[in-house]
Structure formats: C-alpha cells, structure tokens
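*Asks:* Give me a model of this one.
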Amino acid sequence: MKVIFLKSVARQGNAGEIKEVSDGYAQNFLLPRKLAEQATAVRVAHLQKVAEHRAAEDEKRRAEQEALVKKLDGHRFEATVSANKKGGLYEKITTAEKLSALVPELPAEIIHLTEPITATGEHTVAVTSGEAKGEVTIALN
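*Replies:* Just a heads-up that it's a prediction; the model follows:
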C-alpha cells in the first residue's frame, strides 16, 4: 500500500514522503496512529502542489535576502550595549540572533559571526545569502 507519511517514523520515512509499505503495517500501525495516510491520487496531487508552492516561496525569500545583502554591503550600524569601564561586554554576542536583536535591520538568517563579539568598538561582520556576500560594520557603544 502506498502511504504519505504525516510524521517521521524511524527507519520507515520522513514527514511528507510517499512510500510503499506492507498492507498490514499500514492498516495496523501507521493509519490508526495517524502517522500516515493512504496515498490517493487527489492527496498526492495536493502534496505536490503544496511542495511547488513552498519551493516558490523559498525562492522568493532567497531572492529577497540576496537583494538585502547587496543593499547592506558596506553599511555601518550602531548599537548600545552594557559594558564595563574597560569596554568588555557583560554578555558576549555569540549568535546571529543576539546581534539581530541589537541591530533589527539585520535579519539573523544573513548574519555569519566567525567569532564572538566580546568588547565595544567597531566590528566587521559577514552577511551572506546564497551567492551574495558582503560585510557590514557594527559599532557597539
């Protein structure tokens, strides 16, 4: 029986996959637990349509992010952080999400920190998306 996996099942299939499984396994395990549903022509067509829509959305998002990277390349941003008298940050900036919270103009998906930011001053940060690459300067006060 062909089934569409609704949830990932170890050693059988991942969510969204269409696979052939034994009738007994499908009827006695997968279907009653709502881990899969029977792969009808209508359901398969719907799944393909959703996948195409998702791919189009991903492509659109990728193009927007590449345009943003090209637009931001070379820009300078300023942010205020808590620091001690010597300029050391009380909390290191170790992830793109933390930096994005300080500088909302930079989405976390395009930021690539190579090392943690531990002090105030100017820092060069890489921004990339797909083939587009650039650098921005973050001035922490």
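
*Asks:* ok, so what distance separates residue 120 from residue 127?
*Replies:* Distance, residue 120 to residue 127, by CB to CB, to the nearest Å: 21 Å. (Glycine included, C-beta is placed from N, CA and C.)

*Asks:* And these two? Which one has more around it.
*Replies:* Neighbours per residue (other CB atoms under 10 Å) separate residue 120 from residue 127, with residue 127 holding more: 23 against 19.

*Asks:* Go through this protein and flag its longest helix.
*Replies:* Counting residues, the longest helix in the chain under DSSP state H turns out to be helix 41-72.

*Asks:* Flag every buried residue along it.
*Replies:* 65-66, 68-69, 72 (16 or more other CB atoms under 10 Å).

*Asks:* average pLDDT across the helix or strand that comes right after it?
*Replies:* Next along the chain after helix 41-72, taking DSSP states H and E as the criterion, comes strand 76-79. Mean per-residue pLDDT for strand 76-79: 94.

*Asks:* show me the contacts for residue 133.
*Replies:* Residue 133 makes contacts with 69, 126-127, as judged by CB atoms under 8 Å, 6 or more residues apart in numbering.

*Asks:* Ok, residue 93 next?
*Replies:* The contact partners of residue 93, by CB under 8 Å, 6+ apart, come to 81, 99, 102, 113, 116-118.

*Asks:* what's around the residue nearest to residue 23 when sequence neighbours are not counted, how many residues?
*Replies:* Distance criterion CB to CB, 6 or more residues apart in numbering; nearest residue to residue 23, sequence neighbours excluded, is residue 1 at 4.9 Å. Residue 1 has 16 neighbouring residues, counting by other CB under 10 Å.
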